[in-house]
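Enquirer: fold the stuff below for me.
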Amino acid sequence: MAFELPRRLSPSKVSSFRDCALAFRFSTIDRLPEPPSLSATKGTLVHAALERLFCLPAPDRTVDAALACLADAFTALRPEPDVAGLALEGDAEAALVADADRLVRNYFLLEDPRSFEPIGVELRLQVEVAGLELVGVIDRLELDAAGELVVTDYKTGRAPTERHEHRRLGGVHFYSLLCEELFGRRPARVQLLHLQEPVALTALPSDQSTQGLRARVGAIWQAVERACATEDFRPRPGPLCDWCSFQAYCPAFGGDPADAAEAAEAAAAGATATGEAVASGHDGVGARAGSPVLVAAP
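Expert: Numbering: from 1, shown residues only. Got it, this is the predicted structure:
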C-alpha cells in the first residue's frame, strides 16, 4: 500500500528529503513527533524576540528594547512544550537565556533595525506552483530605498562553510519564489543573518536562479512521489545522524521503520487524551511564538 503524499513542501522539507529520505518519511509521512532540542528552542526564542522588536516603532528598536523583548518571549514560551519539555533548571536555564542574549546582541552588529521598516514579520506564505503547494514562513520582508522587496532570514546555528553557502541560501531563494508568485515581484535581494559569528550572506535572485529552483523543487517532488508510491525511503547515514532523533527506527542503527508509524499513532493518541496539540509534519513549517504579522502590503 503506497504512502500518503504530503500536502505541501517547504524549504525545511526540501532540505530534509535531500539530506535523508527516511528521516523525511518519519517526520512528514509518519508524522513522528520529535523531542524538543536545546538548539531549536534557542532559535525559537531568538526569533520571537526579534519579531517583538520589529513590532515596536523604529526609534525604539534599541539593544535594551531587544533584550526586554527576549525576556518577554522567554516568559511566554516557558510553559510551552518546546521549553518545558527540556526540563531546564538553574544553571542550564540561565545558560540558554545567556546564549540567546548573546545572539540578540550580535544581531545589532549586522544591521541597525531603526534604519528601515519591515512590511511583514514571521509572514506565512502559501502558493500553488505547477500543481504543487509550496509554503514557507519569512522571518522578515521589507522594501529597500528603491522600493524593491528584500527577504531576510535569521539563523542561530553556525554559518556554513564556503562550500555549503549556496545550499544554505536555497531556503531564502525559495522564499523569493513565493514572493514572486504571490506579489508578482521578485525580491531584489535575499539575505541570511547568521547570529553566531555574526555574518551576513546575501544573494541576488535572477531568472537563472529562479528557474533552477523551480527545476530542483520539481525534481524533489517527483522523487517524493516515487518514494511514496514504492514505499522506498532510504536512509543516508552521515554526520547528520548524530543529531537525528529517529535513530531508534532507522535500519542503519538496527531499528525497524515499521515501528515509526505505530509510535506516531501512540503519540498522537496520548496528546489527544491530554488535550495537547500535535504538530503535523505535513506543513514542514515549525511553529513559533506569536502570530504572523503583516505590517503593510507591498
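Enquirer: so where's the stretch 151-298 of the chain uncertain?
Expert: The stretch 151-298 of the chain contains residues with pLDDT under 70 at 160-169, 271-298.
Enquirer: also the stretch 1-150 of the chain?
Expert: For the stretch 1-150 of the chain, the stretches with pLDDT under 70 are 1.
Enquirer: all helices of the stretch 151-298 of the chain, in order?
Expert: With DSSP state H, counting those that start in this stretch as the criterion, the stretch 151-298 of the chain has helices at 165-183, 207-230, 258-273.
Enquirer: give the buried residues for the last one.
Expert: Residues of helix 258-273 classed as buried under the neighbour-count rule (16 or more other Cβ atoms under 10 Å) are 260-261, 263-264, 268. Quick note: C-beta positions are derived from backbone N, CA and C, even for glycine.
Enquirer: for stretch 8-23, same thing?
Expert: Across stretch 8-23, burial judged by 16+ other Cβ under 10 Å covers 8-17, 20-23.
Enquirer: and stretch 231-238, by the same measure?
Expert: 233, 235.
Enquirer: would a markdown table of the buried residues of stretch 8-23 with secondary structure and distance to residue 255 be doable?
Expert: Below are the buried residues of stretch 8-23 laid out as a markdown table (DSSP: H, G, I helix; E, B strand; the rest coil; distance: Cβ to Cβ, whole Å):
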| residue | secondary structure | distance to residue 255 |
| --- | --- | --- |
| 8 | coil | 28 |
| 9 | strand | 26 |
| 10 | coil | 26 |
| 11 | helix | 27 |
| 12 | helix | 23 |
| 13 | helix | 22 |
| 14 | helix | 25 |
| 15 | helix | 22 |
| 16 | helix | 18 |
| 17 | helix | 19 |
| 20 | coil | 13 |
| 21 | helix | 15 |
| 22 | helix | 10 |
| 23 | helix | 12 |
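Enquirer: closest to residue 88 among the residues you listed?
Expert: residue 12 (24.7 Å; Cβ to Cβ).
Enquirer: highest mean neighbour count out of the helices of the stretch 151-298 of the chain?
Expert: Among those, helix 165-183 has the highest mean neighbour count (mean count of other Cβ atoms under 10 Å), at a mean of 19.
Enquirer: list of residues touching that helix?
Expert: 10-12, 14-15, 125-127, 129, 134-136, 138, 141, 149, 151, 153, 155, 160, 185-187, 190-192, 201, 203, 205, 209-210, 213-214, 216-217, 298 (Cβ atoms under 8 Å, 6 or more residues apart in numbering).
Enquirer: now for the helices of the stretch 151-298 of the chain, which one comes closest to residue 83?
Expert: When the helices of the stretch 151-298 of the chain are ranked by proximity to residue 83 (Cβ to Cβ), helix 258-273 comes first, at 17.1 Å.
Enquirer: return the list of helices and strands in contact with that closest one.
Expert: In this structure, helix 258-273 packs against no helix or strand, with contacts taken as 3 or more Cβ pairs under 8 Å, 6 or more residues apart in numbering; DSSP states H and E.
Enquirer: and it, C-alpha only, in PDB?
Expert: In PDB, the C-alpha atoms belonging to helix 258-273 read as follows (Å, rounded to 0.1, in the frame of the first residue of the first chain):
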ATOM      1  CA  ALA A 258       7.700   0.000  10.500                       C
ATOM      2  CA  ASP A 259       7.700   0.800  14.200                       C
ATOM      3  CA  ALA A 260       7.600   4.600  13.400                       C
ATOM      4  CA  ALA A 261       4.000   4.700  12.300                       C
ATOM      5  CA  GLU A 262       2.900   2.800  15.400                       C
ATOM      6  CA  ALA A 263       4.900   5.100  17.600                       C
ATOM      7  CA  ALA A 264       3.400   8.200  15.900                       C
ATOM      8  CA  GLU A 265      -0.100   6.900  16.400                       C
ATOM      9  CA  ALA A 266       0.500   6.200  20.000                       C
ATOM     10  CA  ALA A 267       2.000   9.700  20.500                       C
ATOM     11  CA  ALA A 268      -1.000  11.300  18.700                       C
ATOM     12  CA  ALA A 269      -3.400   9.400  20.900                       C
ATOM     13  CA  GLY A 270      -1.600  10.400  24.000                       C
ATOM     14  CA  ALA A 271      -1.500  14.000  23.100                       C
ATOM     15  CA  THR A 272      -5.300  14.000  22.300                       C
ATOM     16  CA  ALA A 273      -6.000  12.400  25.600                       C
END
